[in-house]
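Undergrad: I would like the atomic coordinates for the input below:
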Amino acid sequence: MSFATTSLDTGMTKQPHSSTETAPGNMRRATTAPLDIETVVEELKELPQPVGMPLLDDPKYHTRDVSVFYNETKQAIFNVDLDIGRNEVIAMIGPSGCGKSTYLRCLNRMNDTISGCRVTGELLLDGEDVYARSQDPVLLRARVGMVFQKPNPFPKSIYDNVAYGPRLHGLANNRAELDEIVEDSLTKAGLFKEVKDRLNLPGTGLSGGQQQRLCIARAIAVSPEVILMDEPTSALDPIATGIIEELIDTLRQSFTICIVTHSMQQAARISQRTAYFHMGYLVEVNDTNTVFTNPEHLLTENYITGRFG
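TA: Numbers count the residues shown, from 1 in each chain. The predicted structure follows:
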């Protein structure tokens, strides 16, 4: 397979980086013609592994050869090798339908809830097999919390939203301990001062940004080790988005955070590493500054410069 220096959809040429001039799968093709989808897919299949630094020493999550199938007729992600570091924020970016949210849901077995979905490969959390028969998905999701794209507070009071998990898992022996967990979680989510006088009011009565912070408080109330975030600010205004981003930076002192985002500016602001997915393949993983200023793979460059996606 030969590679050269032309973007996917223009005749613009790009000098190859010295570290990747001859690396397989860098999509550097000596032609001015656009690359068609079939060509892209065939070359992605030949990637030995993502370019950059997908693997780490002593990671929080170790994932190898991860693939996801729906009803055995559609494969959503292909042979993903990726490590996720301790107390890092890793952003997952790529065009719609590229597999980033599907991969994220593998990490706490949320794909189990989808009929016909099958996950293969190796996923280890601190060396424990996430998909082992002995692994209880409910307990796993206490260790690996999730915040979704649209705020989804329970139809309960603010207090009961946060207290739900600790009650379920028996984390408090009495009301005083539960009060402490609720206050601490709301404080870490940057919400306690705003709601301390109305804890008994419905969580659904909060603004969108407050509801999302309530969901974050609910996730951290069970003391998870990892927090997964699937486009957590896509439905929020810029002010609420800024608050959530500041919160993420604070939370990474205590948690590992994996965030899927369509906002490349957001990924650049809040993450230490960025993973770029394309058509179900993991193409590049690098420190965030490298991804956005000097990407190693041409597909990554074309995406972040707006040539497609």
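Undergrad: what sits closest to Arg143 if chain neighbours are left out?
TA: Once flanking residues are discounted, Arg143 sits nearest to Glu225: 5.2 Å by Cβ to Cβ, 6 or more residues apart in numbering. Bear in mind the C-beta positions are built from the backbone N, C-alpha and C, glycine included.
Undergrad: again with Met264
TA: Closest to Met264 by Cβ to Cβ, 6+ apart is Ile304, at 5.7 Å.
Undergrad: gap between the one you found and Val285?
TA: 14 Å (Cβ to Cβ, to the nearest Å).
Undergrad: likewise Thr102?
TA: 17 Å.
Undergrad: neighbour-wise, which of the two wins?
TA: Neighbours were counted for Thr102 and for Val285 using other Cβ atoms under 10 Å; Val285 has more, 28 against 23.
Undergrad: which SSE is that one in?
TA: Per DSSP states H and E: Val285 is located in strand 281-287.
Undergrad: tell me where the stretch 101-250 of the chain has helices.
TA: 137-143, 158-168, 175-188, 192-195, 208-220, 238-251 (DSSP state H, counting those that start in this stretch).
Undergrad: just give me how far the fourth one sits from the chain centre.
TA: Between the mean C-alpha location of helix 192-195 and the chain-wide mean there is a distance of 28 Å, by Cα atoms, centre = their mean, to the nearest Å.
Undergrad: which helices and strands sit right next to it?
TA: Applying 3 or more Cβ pairs under 8 Å, 6 or more residues apart in numbering; DSSP states H and E, one finds that helix 192-195 contacts helix 175-188, helix 208-220.
Undergrad: got the buried residues for stretch 181-194?
TA: By neighbour count on 16 or more other Cβ atoms under 10 Å, the buried set for stretch 181-194 is Ile181, Val182, Glu183, Asp184, Ser185, Leu186, Lys188, Ala189, Gly190, Leu191, Phe192.
Undergrad: with pLDDT as extra columns, can I get the residues you listed in a markdown table?
TA: As requested, the buried residues of stretch 181-194 are arranged in a markdown table below (pLDDT from 0 to 100):
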| residue | pLDDT |
| --- | --- |
| Ile181 | 97 |
| Val182 | 98 |
| Glu183 | 97 |
| Asp184 | 96 |
| Ser185 | 96 |
| Leu186 | 96 |
| Lys188 | 93 |
| Ala189 | 93 |
| Gly190 | 92 |
| Leu191 | 96 |
| Phe192 | 97 |
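Undergrad: among these, which two are most distant?
TA: Ile181 and Gly190 (16.5 Å; Cβ to Cβ).
Undergrad: highest mean neighbour count out of the helices of the stretch 101-250 of the chain?
TA: helix 208-220 (a mean of 24; mean count of other Cβ atoms under 10 Å).
Undergrad: which residues sit against that one?
TA: 145-148, 151-154, 158, 161-162, 164-165, 185-186, 188-191, 194-195, 203-204, 206, 227, 232-233, 235-237, 239-241, 243-244, 247, 251, 255 (Cβ atoms under 8 Å, 6 or more residues apart in numbering).
Undergrad: quick check: next helix or strand after the helix or strand of the chain with the lowest mean pLDDT?
TA: Using mean pLDDT, DSSP states H and E, helix 37-45 stands out as the lowest-scoring helix or strand of the chain, at a mean of 70. The first helix or strand that comes after helix 37-45 along the chain, using DSSP H and E, is strand 51-52.
Undergrad: roughly how far is that next one from the heart of the chain?
TA: 18 Å.
Undergrad: for that strand, what is the average pLDDT?
TA: When pLDDT is averaged over strand 51-52, the result is 94.
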